[in-house]
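Trainee: coordinates for the following, if possible.
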Amino acid sequence: AAAQRLEVASHIDRLWQEWKGEENRPAMRALWQQIRRNPADFEPHCILIEQLLESIHVLELRLVFQGNPQVSGMCEACRALEDLGRLRGLAVRAANFEKCPLDMQIQMRYLCLRLTDPISGDSLRNLIEHLECNLIDAPRVSLAPAECYALITPIIDERLQGIRHSIA
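Mentor: Alright, predicted model coming up:
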């Protein structure tokens, strides 16, 4: 796992060097270096991803304005994917406790609300219900960290495939 993480980090380093434009690129690159130094620190990851999502949104708006309507909604799809990733990270951490800590409950409830919409699909609605009953609102956590990871990862993979398919 460590070798794979280093390989991915090196690849991202190359992408940063090749990336042109964007006014906030130096700030994002500095955040990336902070993450490289301390990969376990969750907050810089979240900040960097938010900044990247903002850049994707600006790019999407430019492309739509230039007559490329097929990219409309791309940023929102990426944001939902990030919300699922955050939900997974929080769920895995919360599953280590006997009762879900209040700060994690609040964050997960917020993410669940953001992810719930009329077109979210049965698998996502069922997942959220399961997490609420067995983790978030449960008097006693009944899910193991590995179970949380296994429950959420297929939905993340499915959404990621959808994004890849839409830009191919």
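Trainee: low-confidence regions, the chain specifically.
Mentor: Low-confidence segments of the chain (pLDDT under 70): 1, 16, 19-24, 118-120.
Trainee: quick one, helices of it?
Mentor: Using DSSP state H, the helices of the chain run over 2-18, 25-37, 42-65, 74-94, 102-115, 122-131, 145-167.
Trainee: list the buried ones in the fifth one?
Mentor: By that I understand helix 102-115. Using 16 or more other C-beta atoms under 10 Å as the burial criterion, the residues of helix 102-115 that qualify are Met104, Gln105, Gln107, Met108, Leu111, Cys112, Leu115. (C-beta placed from N, C-alpha, C; glycine too.)
Trainee: ok, now the shortest one?
Mentor: Judged by neighbour count using 16+ other C-beta under 10 Å, the buried positions of helix 122-131 are Leu124, Leu127, Ile128, Leu131.
Trainee: now these as TSV including distance to Ser72?
Mentor: As requested, these are exported to TSV (distance: C-beta to C-beta, whole Å):
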residue	distance to Ser72
Leu124	22
Leu127	27
Ile128	26
Leu131	30
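Trainee: from those residues, which is closest to Ala95?
Mentor: Leu131 (9.8 Å; C-beta to C-beta).
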